[in-house]
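Undergrad: Fold the following.
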Amino acid sequence: MKKIKVLIVDDHTLVRDGVRALLALSADIEVVGEASDGREALRKARELEPDVVLMDLAMPAMGGLEAIRRIRREFPNTKVLALTQYDDSEYVIPVIESGARGFITKMAAFSELTTAIHTVYSGNSYLSPTAAAALVEEYQHKPAAGEKDSYKRLTDKEREVLKLVAEGRTAREIADMLVLSTKTIEWYKSSLMRKLNIHNKADLIKYAIRKGIVAL
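TA: Below you'll find the model as predicted:
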């Protein structure tokens, strides 16, 4: 029986150990390696040629989104399944756009994890119920055609982060002020820039000035 070769990518050793132990219970899944960040994941993908990569998103050195894009470009036959603690549309949409074949949260049951692995391995896509619900919510509140003010699409937290970034605050300062991690702040920043179709900090500041969010 051919086993599905899986590479686990997560910067937390306990998470990797736990996932490995769970997958060891499945007769047709074999964990062939582990990586603690995106760069190591690329190296291991070249060495081990996994069928499926379980990819965390918030990691040092190279984050999950960039690693997903690189893996999809360099190893088109390898399927990527995002395995993360986040489950809202701010994370689901960028992950799918990056080339992942599936999205599942770390709160999922073991049976759902194995189902997701089998699904993406077979060439299909998999979204956990919470991720699917987040996508439905996102598109139900998508601005009508012709609506130009993307600011309305931002969540309250994204608007807070936008204002603080435009004021020149660092991610560490914003994290301390909002009692969040720097990784979470970077995710909010990435999400709001995507919604506003802005690609650098300078344009973000200009936008905030035009909107009257910050003053010159």
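Undergrad: Contacts only, for L54.
TA: The neighbourhood of L54, defined by Cβ atoms under 8 Å, 6 or more residues apart in numbering, consists of V6, L7, I8, V9, D10, V19, L81, L83, I117. Placement of C-beta: from N, CA and C, glycine included.
Undergrad: okay, now the closest residue to it other than its chain neighbours: neighbour count?
TA: The shortest distance from L54 to any non-neighbouring residue, by Cβ to Cβ, 6 or more residues apart in numbering, is to L83 (4.6 Å). L83 has 27 neighbouring residues, counting by other Cβ atoms under 10 Å.
Undergrad: picking that back up, output the contacts of L54 in TSV; the columns should cover pLDDT and distance to V52.
TA: What follows is the contacts of L54, written out as TSV (pLDDT from 0 to 100; distance: Cβ to Cβ, whole Å):
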residue	pLDDT	distance to V52
V6	98	5
L7	98	7
I8	97	10
V9	97	11
D10	95	14
V19	96	12
L81	97	6
L83	92	10
I117	97	5
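Undergrad: Name the nearest of those relative to S98.
TA: Within the contacts of L54, proximity to S98 (Cβ to Cβ) peaks at L81, which comes in at 12.4 Å.
Undergrad: hang on, that closest one is in a strand, isn't it?
TA: Yes. When DSSP: H, G, I helix; E, B strand; the rest coil is applied, L81 is found to be in a strand.
Undergrad: and the residue nearest to it when sequence neighbours are not counted, what are its bridge partners?
TA: Of all residues not flanking L81 in the chain, G102 sits nearest, at 4.3 Å (Cβ to Cβ, 6+ apart). G102 has the following beta-bridge partners by DSSP bridges: L81, Y126.
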